[in-house]
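Participant: coords below, sequence missing:
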(Lines give C-alpha, C1' and ligand atoms only; values in the text may rest on other atoms or scores of the structure.)
Protein backbone atom coordinates (compact mmCIF):
# COMPACT_ATOMS: atom_id res chain seq x y z
CA UNK A 1 0.00 0.00 0.00
CA UNK A 2 1.39 3.43 -1.02
CA UNK A 3 2.01 5.94 1.77
CA UNK A 4 1.06 9.59 1.55
CA UNK A 5 4.75 10.46 1.41
CA UNK A 6 5.21 8.17 -1.60
CA UNK A 7 2.22 9.70 -3.35
CA UNK A 8 3.51 13.23 -2.63
CA UNK A 9 6.94 12.33 -4.01
CA UNK A 10 5.37 10.92 -7.14
CA UNK A 11 3.30 14.06 -7.63
CA UNK A 12 6.38 16.27 -7.19
CA UNK A 13 8.32 14.18 -9.70
CA UNK A 14 5.46 14.35 -12.18
CA UNK A 15 5.26 18.11 -11.74
CA UNK A 16 9.00 18.47 -12.31
CA UNK A 17 8.84 16.32 -15.43
CA UNK A 18 5.86 18.31 -16.69
CA UNK A 19 7.72 21.57 -16.10
CA UNK A 20 10.81 20.26 -17.89
CA UNK A 21 8.70 19.19 -20.85
CA UNK A 22 6.94 22.55 -20.97
CA UNK A 23 10.31 24.31 -20.80
CA UNK A 24 11.28 22.60 -24.05
CA UNK A 25 8.27 23.98 -25.97
CA UNK A 26 7.59 27.49 -27.20
CA UNK A 27 4.95 29.31 -29.23
CA UNK A 28 5.89 32.11 -31.60
CA UNK A 29 3.45 34.79 -32.70
CA UNK A 30 4.52 35.81 -36.22
CA UNK A 31 3.26 38.69 -38.33
CA UNK A 32 2.97 36.34 -41.30
CA UNK A 33 3.16 32.63 -42.08
CA UNK A 34 4.03 31.33 -45.53
CA UNK A 35 1.48 29.61 -47.77
CA UNK A 36 4.01 26.88 -48.66
CA UNK A 37 7.32 25.55 -47.28
CA UNK A 38 9.67 24.81 -50.16
CA UNK A 39 13.16 26.34 -49.84
CA UNK A 40 13.82 26.06 -53.56
CA UNK A 41 10.69 27.94 -54.56
CA UNK A 42 10.62 30.57 -51.83
CA UNK A 43 11.81 34.14 -52.45
CA UNK A 44 9.99 35.90 -49.60
CA UNK A 45 10.83 37.57 -46.32
CA UNK A 46 8.04 35.56 -44.71
CA UNK A 47 9.33 32.23 -45.97
CA UNK A 48 12.93 32.86 -44.93
CA UNK A 49 11.83 32.46 -41.29
CA UNK A 50 11.08 28.77 -41.65
CA UNK A 51 13.77 26.84 -43.52
CA UNK A 52 16.93 26.84 -41.42
CA UNK A 53 15.38 24.67 -38.70
CA UNK A 54 14.29 21.94 -41.11
CA UNK A 55 16.78 21.90 -43.97
CA UNK A 56 20.54 21.82 -44.49
CA UNK A 57 22.91 22.88 -47.24
CA UNK A 58 26.18 21.22 -48.18
CA UNK A 59 28.03 24.28 -46.90
CA UNK A 60 26.82 26.15 -43.83
CA UNK A 61 28.11 29.39 -42.32
CA UNK A 62 29.13 30.64 -38.91
CA UNK A 63 26.08 32.80 -38.30
CA UNK A 64 27.34 34.24 -35.02
CA UNK A 65 28.90 37.21 -36.80
CA UNK A 66 28.58 39.21 -40.00
CA UNK A 67 30.82 37.71 -42.65
CA UNK A 68 31.19 34.45 -40.76
CA UNK A 69 33.33 31.69 -42.24
CA UNK A 70 31.98 28.81 -44.29
CA UNK A 71 31.68 25.63 -42.20
CA UNK A 72 30.77 22.02 -43.03
CA UNK A 73 27.09 21.22 -43.40
CA UNK A 74 25.96 18.10 -45.20
CA UNK A 75 29.41 18.07 -46.78
CA UNK A 76 32.35 17.47 -44.47
CA UNK A 77 34.76 18.99 -46.99
CA UNK A 78 34.88 20.43 -50.49
CA UNK A 79 37.44 21.37 -53.11
CA UNK A 80 37.16 23.89 -55.92
CA UNK A 81 38.86 21.57 -58.38
CA UNK A 82 38.73 24.04 -61.27
CA UNK A 83 37.15 27.45 -61.97
CA UNK A 84 34.10 25.55 -63.25
CA UNK A 85 33.83 22.57 -60.86
CA UNK A 86 33.54 22.02 -57.13
CA UNK A 87 33.59 18.56 -55.49
CA UNK A 88 31.94 17.65 -52.17
CA UNK A 89 32.65 14.85 -49.73
CA UNK A 90 29.33 14.06 -48.06
CA UNK A 91 28.64 13.51 -44.39
CA UNK A 92 27.84 9.89 -43.54
CA UNK A 93 24.89 8.74 -41.44
CA UNK A 94 22.49 11.57 -42.35
CA UNK A 95 18.79 10.70 -42.38
CA UNK A 96 15.84 12.67 -43.63
CA UNK A 97 12.85 13.32 -41.39
CA UNK A 98 10.97 10.42 -42.98
CA UNK A 99 13.78 8.00 -42.10
CA UNK A 100 15.36 7.75 -45.55
CA UNK A 101 19.18 7.87 -45.56
CA UNK A 102 20.66 10.79 -47.48
CA UNK A 103 22.69 9.69 -50.50
CA UNK A 104 24.73 11.36 -53.20
CA UNK A 105 21.76 10.78 -55.51
CA UNK A 106 19.56 12.86 -53.21
CA UNK A 107 22.10 15.67 -53.23
CA UNK A 108 22.52 15.63 -57.01
CA UNK A 109 18.74 15.55 -57.47
CA UNK A 110 18.25 18.44 -55.05
CA UNK A 111 20.71 20.63 -56.92
CA UNK A 112 19.63 19.58 -60.41
CA UNK A 113 16.01 20.39 -59.62
CA UNK A 114 17.27 23.99 -59.40
CA UNK A 115 19.94 23.84 -62.15
CA UNK A 116 17.65 22.23 -64.78
CA UNK A 117 14.17 22.89 -63.42
CA UNK A 118 10.85 21.64 -64.71
CA UNK A 119 8.84 23.39 -61.96
CA UNK A 120 8.03 26.99 -63.06
CA UNK A 121 8.92 28.68 -59.72
CA UNK A 122 12.31 26.94 -59.79
CA UNK A 123 12.85 28.32 -63.30
CA UNK A 124 12.59 31.83 -61.87
CA UNK A 125 15.10 31.04 -59.11
CA UNK A 126 17.42 29.44 -61.69
CA UNK A 127 17.28 32.58 -63.78
CA UNK A 128 17.79 35.12 -61.01
CA UNK A 129 20.61 33.44 -59.05
CA UNK A 130 21.69 30.03 -60.39
CA UNK A 131 21.98 30.70 -64.10
CA UNK A 132 25.66 29.78 -64.31
CA UNK A 133 25.21 26.27 -62.86
CA UNK A 134 24.83 23.47 -65.40
CA UNK A 135 24.63 20.20 -63.47
CA UNK A 136 25.42 18.19 -60.36
CA UNK A 137 26.50 14.57 -60.57
CA UNK A 138 27.05 11.78 -58.05
CA UNK A 139 30.38 9.99 -58.45
CA UNK A 140 31.01 6.26 -58.09
CA UNK A 141 32.71 6.82 -54.72
CA UNK A 142 29.73 8.73 -53.26
CA UNK A 143 30.92 12.30 -53.79
CA UNK A 144 29.06 15.05 -55.62
CA UNK A 145 30.47 17.34 -58.28
CA UNK A 146 28.88 20.61 -59.36
CA UNK A 147 29.67 22.21 -62.72
CA UNK A 148 29.19 25.71 -64.16
CA UNK A 149 29.12 27.16 -67.67
CA UNK A 150 31.64 29.88 -66.82
CA UNK A 151 34.27 30.31 -64.11
CA UNK A 152 32.31 30.90 -60.91
CA UNK A 153 33.65 33.46 -58.39
CA UNK A 154 30.91 32.63 -55.86
CA UNK A 155 30.84 28.82 -55.66
CA UNK A 156 30.65 28.55 -51.86
CA UNK A 157 28.39 31.56 -51.42
CA UNK A 158 25.77 30.34 -53.88
CA UNK A 159 25.83 26.72 -52.73
CA UNK A 160 25.25 27.76 -49.11
CA UNK A 161 22.05 29.69 -49.81
CA UNK A 162 18.48 28.58 -49.15
CA UNK A 163 17.74 27.39 -52.69
CA UNK A 164 20.56 24.83 -52.41
CA UNK A 165 19.01 23.03 -49.42
CA UNK A 166 18.87 19.25 -49.79
CA UNK A 167 15.62 17.29 -50.14
CA UNK A 168 14.85 13.52 -50.43
CA UNK A 169 14.49 12.39 -54.04
CA UNK A 170 12.35 9.27 -53.57
CA UNK A 171 9.98 10.94 -51.12
CA UNK A 172 9.44 14.01 -53.27
CA UNK A 173 8.98 12.12 -56.56
CA UNK A 174 6.62 9.67 -54.88
CA UNK A 175 4.19 12.28 -53.58
CA UNK A 176 1.95 12.21 -56.67
CA UNK A 177 1.69 10.35 -59.96
CA UNK A 178 4.47 8.01 -61.05
CA UNK A 179 7.39 7.73 -58.58
CA UNK A 180 9.99 7.71 -61.37
CA UNK A 181 8.61 10.71 -63.27
CA UNK A 182 9.49 14.33 -62.55
CA UNK A 183 6.08 16.01 -62.17
CA UNK A 184 5.05 19.55 -61.28
CA UNK A 185 2.44 18.14 -58.92
CA UNK A 186 5.20 16.50 -56.85
CA UNK A 187 6.84 19.85 -56.17
CA UNK A 188 3.52 21.49 -55.36
CA UNK A 189 2.78 18.68 -52.89
CA UNK A 190 6.24 18.94 -51.34
CA UNK A 191 5.62 22.58 -50.43
CA UNK A 192 2.72 21.42 -48.26
CA UNK A 193 4.48 18.38 -46.73
CA UNK A 194 8.20 19.25 -46.61
CA UNK A 195 10.94 16.87 -45.50
CA UNK A 196 14.56 17.80 -44.85
CA UNK A 197 17.56 16.76 -42.77
CA UNK A 198 17.53 19.58 -40.18
CA UNK A 199 17.19 19.38 -36.39
CA UNK A 200 13.40 19.91 -36.53
CA UNK A 201 10.82 18.19 -38.69
CA UNK A 202 7.63 19.93 -39.82
CA UNK A 203 5.00 18.05 -37.80
CA UNK A 204 2.07 20.24 -38.84
CA UNK A 205 1.58 22.93 -41.46
CA UNK A 206 -1.55 24.97 -42.08
CA UNK A 207 -0.70 27.32 -44.97
CA UNK A 208 -0.79 30.95 -43.98
CA UNK A 209 -1.69 30.13 -40.37
CA UNK A 210 0.49 27.66 -38.47
CA UNK A 211 3.80 25.77 -38.53
CA UNK A 212 4.71 23.19 -35.90
CA UNK A 213 8.27 21.91 -35.58
CA UNK A 214 9.18 18.85 -33.53
CA UNK A 215 12.68 17.70 -32.66
CA UNK A 216 14.23 15.33 -35.21
CA UNK A 217 15.87 12.74 -33.00
CA UNK A 218 17.85 11.35 -35.92
CA UNK A 219 19.55 14.67 -36.68
CA UNK A 220 23.20 14.28 -37.67
CA UNK A 221 24.40 17.25 -35.60
CA UNK A 222 23.98 18.57 -32.08
CA UNK A 223 20.57 17.72 -30.62
CA UNK A 224 17.87 20.39 -31.00
CA UNK A 225 17.22 22.21 -27.70
CA UNK A 226 13.43 22.34 -28.16
CA UNK A 227 11.03 19.42 -28.24
CA UNK A 228 8.45 21.53 -30.07
CA UNK A 229 8.05 25.02 -31.49
CA UNK A 230 4.74 26.30 -32.82
CA UNK A 231 4.49 29.38 -35.03
CA UNK A 232 1.05 30.98 -35.30
CA UNK A 233 0.07 33.93 -37.45
CA UNK A 234 -0.98 37.04 -35.52
CA UNK A 235 -0.99 39.79 -38.12
CA UNK A 236 -1.65 42.85 -35.96
CA UNK A 237 1.19 44.18 -33.81
CA UNK A 238 -1.09 45.01 -30.87
CA UNK A 239 -2.51 41.49 -30.94
CA UNK A 240 0.98 39.96 -30.93
CA UNK A 241 1.93 42.04 -27.89
CA UNK A 242 -1.29 41.02 -26.14
CA UNK A 243 -0.55 37.36 -26.92
CA UNK A 244 2.91 37.70 -25.40
CA UNK A 245 1.65 39.41 -22.26
CA UNK A 246 -1.14 36.86 -21.77
CA UNK A 247 1.12 33.85 -22.25
CA UNK A 248 -0.47 32.76 -25.53
CA UNK A 249 2.92 33.35 -27.16
CA UNK A 250 6.44 33.07 -25.75
CA UNK A 251 8.15 35.04 -28.52
CA UNK A 252 6.77 37.47 -31.12
CA UNK A 253 8.18 38.92 -34.34
CA UNK A 254 8.24 42.25 -36.18
CA UNK A 255 8.08 44.98 -33.57
CA UNK A 256 8.85 48.57 -34.51
CA UNK A 257 11.01 50.61 -32.10
CA UNK A 258 8.06 52.68 -30.89
CA UNK A 259 6.50 49.49 -29.50
CA UNK A 260 9.50 48.55 -27.39
CA UNK A 261 8.49 50.70 -24.41
CA UNK A 262 5.49 48.41 -23.87
CA UNK A 263 7.87 45.47 -23.60
CA UNK A 264 10.54 47.18 -21.52
CA UNK A 265 7.93 48.32 -18.97
CA UNK A 266 7.03 44.71 -18.17
CA UNK A 267 9.65 42.88 -16.04
CA UNK A 268 8.35 39.53 -17.29
CA UNK A 269 9.31 40.42 -20.88
CA UNK A 270 12.34 41.55 -22.88
CA UNK A 271 13.26 42.41 -26.46
CA UNK A 272 16.07 41.72 -28.91
CA UNK A 273 16.63 43.65 -32.12
CA UNK A 274 19.04 44.35 -34.93
CA UNK A 275 19.49 46.27 -38.14
CA UNK A 276 18.24 43.82 -40.74
CA UNK A 277 20.28 42.88 -43.86
CA UNK A 278 17.43 44.03 -46.05
CA UNK A 279 16.32 47.30 -47.60
CA UNK A 280 12.82 48.68 -47.51
CA UNK A 281 12.47 50.28 -50.91
CA UNK A 282 10.24 52.57 -52.92
CA UNK A 283 10.04 51.16 -56.45
CA UNK A 284 8.66 52.75 -59.61
CA UNK A 285 7.32 51.41 -62.88
CA UNK A 286 9.56 52.88 -65.57
CA UNK A 287 7.12 51.64 -68.25
CA UNK A 288 4.01 53.37 -66.94
CA UNK A 289 3.14 56.08 -69.51
CA UNK A 290 3.32 58.84 -66.89
CA UNK A 291 6.53 57.52 -65.32
CA UNK A 292 8.69 56.99 -68.41
CA UNK A 293 10.55 60.28 -68.10
CA UNK A 294 13.50 59.62 -65.77
CA UNK A 295 13.31 63.22 -64.55
CA UNK A 296 9.93 62.47 -62.96
CA UNK A 297 11.34 59.41 -61.20
CA UNK A 298 14.49 61.24 -60.11
CA UNK A 299 12.31 63.97 -58.64
CA UNK A 300 10.24 61.44 -56.71
CA UNK A 301 13.41 60.00 -55.12
CA UNK A 302 15.01 63.38 -54.39
CA UNK A 303 11.87 64.56 -52.59
CA UNK A 304 12.07 61.81 -49.94
CA UNK A 305 13.90 62.68 -46.72
CA UNK A 306 15.04 59.27 -45.58
CA UNK A 307 16.77 60.58 -42.46
CA UNK A 308 13.45 62.00 -41.28
CA UNK A 309 11.77 58.67 -41.99
CA UNK A 310 14.43 56.96 -39.88
CA UNK A 311 13.98 59.35 -36.96
CA UNK A 312 10.18 59.30 -37.08
CA UNK A 313 9.57 55.61 -37.73
CA UNK A 314 12.67 53.87 -36.38
CA UNK A 315 13.84 56.29 -33.66
CA UNK A 316 17.09 56.66 -35.57
CA UNK A 317 17.90 52.95 -35.23
CA UNK A 318 17.64 52.09 -38.95
CA UNK A 319 20.53 52.51 -41.40
CA UNK A 320 20.03 54.98 -44.26
CA UNK A 321 22.34 53.87 -47.10
CA UNK A 322 24.19 56.22 -49.48
CA UNK A 323 23.87 53.62 -52.23
CA UNK A 324 22.72 50.02 -52.61
CA UNK A 325 25.27 48.61 -50.17
CA UNK A 326 25.50 47.06 -46.72
CA UNK A 327 28.29 45.89 -44.45
CA UNK A 328 27.43 42.23 -45.11
CA UNK A 329 28.85 42.62 -48.63
CA UNK A 330 32.35 42.43 -47.15
CA UNK A 331 35.04 43.50 -49.60
CA UNK A 332 32.35 44.75 -51.97
CA UNK A 333 30.77 47.07 -49.39
CA UNK A 334 31.10 50.60 -50.85
CA UNK A 335 29.77 53.22 -48.44
CA UNK A 336 31.81 55.87 -50.26
CA UNK A 337 29.42 55.74 -53.24
CA UNK A 338 26.56 58.24 -53.13
CA UNK A 339 23.60 57.24 -55.28
CA UNK A 340 20.66 58.45 -53.15
CA UNK A 341 20.19 62.06 -52.04
CA UNK A 342 17.56 64.36 -50.54
CA UNK A 343 17.40 67.49 -52.72
CA UNK A 344 13.84 68.88 -52.75
CA UNK A 345 14.76 72.00 -54.75
CA UNK A 346 16.35 69.86 -57.44
CA UNK A 347 13.20 67.71 -57.39
CA UNK A 348 11.08 70.80 -58.08
CA UNK A 349 13.40 71.85 -60.91
CA UNK A 350 13.25 68.43 -62.55
CA UNK A 351 9.46 68.31 -62.30
CA UNK A 352 9.21 71.70 -64.01
CA UNK A 353 11.72 70.68 -66.66
CA UNK A 354 9.81 67.47 -67.36
CA UNK A 355 6.52 69.38 -67.65
CA UNK A 356 4.83 67.65 -64.73
CA UNK A 357 1.16 68.59 -65.10
CA UNK A 358 -0.15 67.56 -61.69
CA UNK A 359 -1.10 63.96 -62.52
CA UNK A 360 -1.71 61.74 -59.49
CA UNK A 361 0.97 59.22 -58.56
CA UNK A 362 -0.47 56.11 -56.94
CA UNK A 363 1.55 54.42 -54.20
CA UNK A 364 0.64 50.80 -53.39
CA UNK A 365 1.24 49.22 -50.00
CA UNK A 366 0.04 46.40 -47.78
CA UNK A 367 -1.31 47.42 -44.41
CA UNK A 368 0.85 45.03 -42.37
CA UNK A 369 3.37 43.09 -44.52
CA UNK A 370 6.27 45.50 -43.95
CA UNK A 371 6.90 46.87 -40.47
CA UNK A 372 6.02 50.60 -40.65
CA UNK A 373 5.23 50.20 -44.35
CA UNK A 374 1.94 52.08 -44.28
CA UNK A 375 3.33 54.82 -42.04
CA UNK A 376 6.27 55.28 -44.42
CA UNK A 377 3.86 55.55 -47.36
CA UNK A 378 1.92 58.28 -45.60
CA UNK A 379 5.10 60.21 -44.83
CA UNK A 380 6.32 59.85 -48.42
CA UNK A 381 2.98 61.16 -49.66
CA UNK A 382 3.51 64.30 -47.56
CA UNK A 383 7.08 64.74 -48.83
CA UNK A 384 5.91 64.50 -52.41
CA UNK A 385 3.23 67.08 -51.69
CA UNK A 386 5.91 69.47 -50.47
CA UNK A 387 7.53 69.49 -53.92
CA UNK A 388 4.17 69.71 -55.69
CA UNK A 389 3.43 66.07 -56.51
CA UNK A 390 -0.11 64.81 -56.06
CA UNK A 391 -0.43 61.22 -54.88
CA UNK A 392 -2.82 58.60 -53.59
CA UNK A 393 -2.08 55.62 -51.34
CA UNK A 394 -3.74 52.34 -52.32
CA UNK A 395 -3.77 49.82 -49.45
CA UNK A 396 -4.13 46.19 -50.51
CA UNK A 397 -2.29 42.96 -49.67
CA UNK A 398 -2.23 42.04 -53.36
CA UNK A 399 1.18 42.20 -55.04
CA UNK A 400 1.05 44.82 -57.82
CA UNK A 401 4.68 44.84 -58.92
CA UNK A 402 3.71 43.02 -62.12
CA UNK A 403 0.68 45.24 -62.83
CA UNK A 404 1.22 47.65 -65.76
CA UNK A 405 -0.99 50.17 -63.94
CA UNK A 406 1.34 50.23 -60.92
CA UNK A 407 3.19 53.55 -60.66
CA UNK A 408 5.03 53.28 -57.33
CA UNK A 409 4.88 51.00 -54.31
CA UNK A 410 6.89 49.67 -51.38
CA UNK A 411 9.01 46.53 -51.67
CA UNK A 412 12.04 45.08 -50.01
CA UNK A 413 15.43 44.00 -51.30
CA UNK A 414 16.62 41.29 -48.89
CA UNK A 415 20.14 39.93 -48.77
CA UNK A 416 19.62 36.40 -50.05
CA UNK A 417 23.36 35.80 -49.69
CA UNK A 418 26.25 38.00 -48.62
CA UNK A 419 27.26 39.68 -51.86
CA UNK A 420 25.81 42.58 -53.90
CA UNK A 421 24.59 39.90 -56.30
CA UNK A 422 22.58 38.50 -53.37
CA UNK A 423 20.55 41.68 -52.88
CA UNK A 424 20.82 44.19 -55.73
CA UNK A 425 21.69 41.54 -58.28
CA UNK A 426 18.84 39.15 -57.64
CA UNK A 427 16.34 42.00 -58.10
CA UNK A 428 17.88 44.20 -60.81
CA UNK A 429 19.85 41.84 -63.05
CA UNK A 430 19.06 41.62 -66.77
CA UNK A 431 15.98 39.37 -67.00
CA UNK A 432 15.69 39.37 -63.20
CA UNK A 433 12.39 39.76 -61.32
CA UNK A 434 12.09 43.51 -61.87
CA UNK A 435 12.58 43.30 -65.63
CA UNK A 436 10.59 40.08 -66.05
CA UNK A 437 7.61 41.65 -64.24
CA UNK A 438 7.64 44.54 -66.71
CA UNK A 439 8.54 47.52 -64.49
CA UNK A 440 12.25 47.81 -65.36
CA UNK A 441 14.31 47.73 -68.55
CA UNK A 442 17.91 46.93 -69.35
CA UNK A 443 19.90 47.17 -72.57
CA UNK A 444 23.12 45.77 -74.04
CA UNK A 445 25.30 48.36 -72.27
CA UNK A 446 23.72 47.55 -68.91
CA UNK A 447 24.14 43.82 -69.55
CA UNK A 448 27.83 44.30 -70.34
CA UNK A 449 28.43 46.18 -67.08
CA UNK A 450 26.43 43.56 -65.22
CA UNK A 451 28.52 40.77 -66.73
CA UNK A 452 31.75 42.43 -65.52
CA UNK A 453 30.25 42.76 -62.05
CA UNK A 454 28.90 39.21 -61.87
CA UNK A 455 31.91 37.38 -63.31
CA UNK A 456 34.81 39.72 -62.64
CA UNK A 457 37.95 37.75 -61.84
CA UNK A 458 39.02 40.08 -59.04
CA UNK A 459 37.25 41.88 -56.23
CA UNK A 460 38.45 45.21 -57.62
CA UNK A 461 37.01 44.46 -61.07
CA UNK A 462 33.67 43.62 -59.50
CA UNK A 463 33.75 46.75 -57.31
CA UNK A 464 34.39 49.01 -60.30
CA UNK A 465 31.59 47.46 -62.34
CA UNK A 466 29.18 47.69 -59.41
CA UNK A 467 29.95 51.41 -59.05
CA UNK A 468 29.08 51.82 -62.73
CA UNK A 469 25.76 50.08 -62.18
CA UNK A 470 24.97 52.46 -59.32
CA UNK A 471 25.67 55.45 -61.60
CA UNK A 472 23.28 53.97 -64.16
CA UNK A 473 20.52 53.71 -61.57
CA UNK A 474 21.16 57.21 -60.26
CA UNK A 475 20.56 58.66 -63.73
CA UNK A 476 17.54 56.51 -64.60
CA UNK A 477 16.12 55.29 -61.27
CA UNK A 478 13.59 52.53 -60.81
CA UNK A 479 13.89 52.49 -57.02
CA UNK A 480 15.04 54.26 -53.89
CA UNK A 481 16.49 52.27 -51.01
CA UNK A 482 14.77 53.87 -48.00
CA UNK A 483 16.62 52.22 -45.11
CA UNK A 484 17.71 48.99 -43.51
CA UNK A 485 15.01 48.61 -40.85
CA UNK A 486 15.73 47.94 -37.21
CA UNK A 487 13.47 44.99 -36.48
CA UNK A 488 12.77 43.70 -32.98
CA UNK A 489 11.50 40.50 -31.43
CA UNK A 490 9.98 40.33 -27.95
CA UNK A 491 9.88 37.35 -25.64
CA UNK A 492 9.39 36.09 -22.10
CA UNK A 493 12.25 37.06 -19.82
CA UNK A 494 13.26 33.39 -19.44
CA UNK A 495 13.72 32.89 -23.21
CA UNK A 496 17.30 33.40 -24.37
CA UNK A 497 17.17 34.10 -28.10
CA UNK A 498 18.26 36.85 -30.50
CA UNK A 499 18.56 37.14 -34.30
CA UNK A 500 22.00 35.91 -35.34
CA UNK A 501 23.92 38.60 -37.26
CA UNK A 502 25.18 36.23 -39.94
CA UNK A 503 21.77 35.02 -41.12
CA UNK A 504 19.72 36.31 -44.00
CA UNK A 505 16.72 38.38 -42.78
CA UNK A 506 14.15 37.08 -40.29
CA UNK A 507 15.46 33.53 -39.79
CA UNK A 508 13.96 31.87 -36.70
CA UNK A 509 17.04 29.86 -35.73
CA UNK A 510 16.27 27.40 -32.93
CA UNK A 511 19.25 25.12 -33.44
CA UNK A 512 21.62 24.11 -30.66
CA UNK A 513 23.34 27.14 -29.21
CA UNK A 514 20.80 29.59 -30.66
CA UNK A 515 18.07 29.36 -28.02
CA UNK A 516 17.82 28.45 -24.35
CA UNK A 517 14.83 28.29 -22.01
CA UNK A 518 14.79 28.39 -18.23
CA UNK A 519 14.83 24.84 -16.90
CA UNK A 520 16.12 23.46 -20.21
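Facilitator: Great, that's in hand. These numbers were taken from a predicted model, which means no experiment stands behind them. Residues are numbered from 1 along each chain as shown.

Participant: quick one: low-confidence ranges for the chain?
Facilitator: 1-23, 519-520 (pLDDT under 70).

Participant: wait, what's in contact with the closest residue to residue 332 other than its chain neighbours?
Facilitator: The shortest distance from residue 332 to any residue other than its chain neighbours is 5.3 Å, reached at residue 420 (C-beta to C-beta, 6 or more residues apart in numbering). From N, CA and C alone the C-beta is placed, and that goes for glycine too. By C-beta atoms under 8 Å, 6 or more residues apart in numbering, residue 420 lies in contact with 324-325, 329, 332, 453, 462, 466.

Participant: could you tell me which of the residues you listed belong to helices?
Facilitator: Assignment to helices by DSSP state H places the following of those there: 453, 462, 466.

Participant: ok so, going back, show me which of the contacts of residue 420 are buried.
Facilitator: 324-325, 329, 332, 453, 462, 466 (16 or more other C-beta atoms under 10 Å).

Participant: make a markdown table out of those residues and add distance to residue 59.
Facilitator: Formatted as a markdown table, the buried ones among the contacts of residue 420 follow (distance: C-beta to C-beta, whole Å):
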| residue | distance to residue 59 |
| --- | --- |
| 324 | 26 |
| 325 | 24 |
| 329 | 19 |
| 332 | 20 |
| 453 | 23 |
| 462 | 21 |
| 466 | 24 |
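
Participant: hmm, which two among those are most spread apart?
Facilitator: Distance extremes for the buried ones among the contacts of residue 420: the farthest pair is 324 and 462 at 14.0 Å, using C-beta to C-beta.

Participant: rewinding a little: next, format the ones in helices among the contacts of residue 420 as CSV and append distance to residue 391.
Facilitator: Shown next, in CSV, are the ones in helices among the contacts of residue 420 (distance: C-beta to C-beta, whole Å):
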residue, distance to residue 391
453, 34
462, 38
466, 32
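
Participant: before we move on, the earlier item: out of the buried ones among the contacts of residue 420, which comes closest to residue 166?
Facilitator: Using C-beta to C-beta, residue 329 comes nearest to residue 166 of these, at 26.7 Å.

Participant: need the nearest residue in space to the closest one, chain neighbours excluded.
Facilitator: residue 420 (5.4 Å).

Participant: so how far is residue 269 from that neighbour?
Facilitator: 38 Å (C-beta to C-beta, to the nearest Å).

Participant: cool, and residue 28?
Facilitator: In terms of C-beta to C-beta, residue 28 sits 14 Å off from residue 269.

Participant: please apply the same query to residue 410.
Facilitator: For residue 410, the distance to residue 269 - C-beta to C-beta - is 30 Å.

Participant: between these two, which one's more packed in?
Facilitator: A direct count of neighbours by other C-beta atoms under 10 Å for residue 410 and residue 269 places residue 410 higher, at 21 against 18.

Participant: what helix or strand is residue 213 on?
Facilitator: Assigned by DSSP states H and E, residue 213 belongs to strand 210-215.

Participant: name all residues that make contact with residue 129.
Facilitator: Per C-beta under 8 Å, 6+ apart, neighbours of residue 129: 158, 161, 163, 416-417, 421-422, 425-426.

Participant: er, residue 496 actually
Facilitator: Contacts of residue 496 by C-beta under 8 Å, 6+ apart are 515-517.

Participant: so which of the residues you listed is surrounded by the most neighbours?
Facilitator: residue 515 (21 neighbours).

Participant: that one contacts residue 225, correct?
Facilitator: Yes: under the criterion of C-beta atoms under 8 Å, residue 515 makes contact with residue 225 at 5.8 Å.

Participant: relative to residue 352, how far out is residue 345?
Facilitator: 11 Å.

Participant: more crowded one of the two?
Facilitator: residue 352 (12 against 9).

Participant: by contact count, what packs against the helix or strand containing that one?
Facilitator: For residue 352, the enclosing helix or strand under DSSP H and E is helix 344-354. Applying 3 or more C-beta pairs under 8 Å, 6 or more residues apart in numbering; DSSP states H and E, we find helix 344-354 packed against helix 294-302.

Participant: starting at the chain centroid, how far to the helix it packs on?
Facilitator: Computed by C-alpha atoms, centre = their mean, to the nearest Å, the chain-centroid distance of helix 294-302 equals 29 Å.

Participant: for stretch 161-179, same thing?
Facilitator: With C-alpha atoms, centre = their mean as the basis, stretch 161-179 stands 22 Å off its chain's centre.

Participant: what comes up buried for that stretch?
Facilitator: Within stretch 161-179, the residues that count as buried by 16+ other C-beta under 10 Å are 161-169, 171-173, 175-176.

Participant: now, the residues you listed that are in helices?
Facilitator: 169, 171-173.

Participant: between these, which is closest to residue 198?
Facilitator: Distances from residue 198 to those, taken by C-beta to C-beta, are shortest for residue 171, at 14.7 Å.

Participant: follow-up on the earlier one: make JSON lines from the buried residues of stretch 161-179 and add distance to residue 69 to it.
Facilitator: Output for the buried residues of stretch 161-179, formatted as JSON lines (distance: C-beta to C-beta, whole Å):
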{"residue": "161", "distance to residue 69": "16"}
{"residue": "162", "distance to residue 69": "19"}
{"residue": "163", "distance to residue 69": "21"}
{"residue": "164", "distance to residue 69": "18"}
{"residue": "165", "distance to residue 69": "20"}
{"residue": "166", "distance to residue 69": "21"}
{"residue": "167", "distance to residue 69": "26"}
{"residue": "168", "distance to residue 69": "29"}
{"residue": "169", "distance to residue 69": "30"}
{"residue": "171", "distance to residue 69": "32"}
{"residue": "172", "distance to residue 69": "31"}
{"residue": "173", "distance to residue 69": "35"}
{"residue": "175", "distance to residue 69": "37"}
{"residue": "176", "distance to residue 69": "41"}
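
Participant: between these, which is nearest residue 213?
Facilitator: Closest to residue 213, out of all of the buried residues of stretch 161-179 and judged by C-beta to C-beta, is residue 165, at 15.4 Å.

Participant: and the closest residue to residue 104 other than its chain neighbours, bridged to which residues?
Facilitator: Excluding its sequence neighbours, the residue lying closest to residue 104 (C-beta to C-beta, 6+ apart) is residue 138, at 3.6 Å. Beta bridges link residue 138 to residue 144 when assigned by DSSP bridges.
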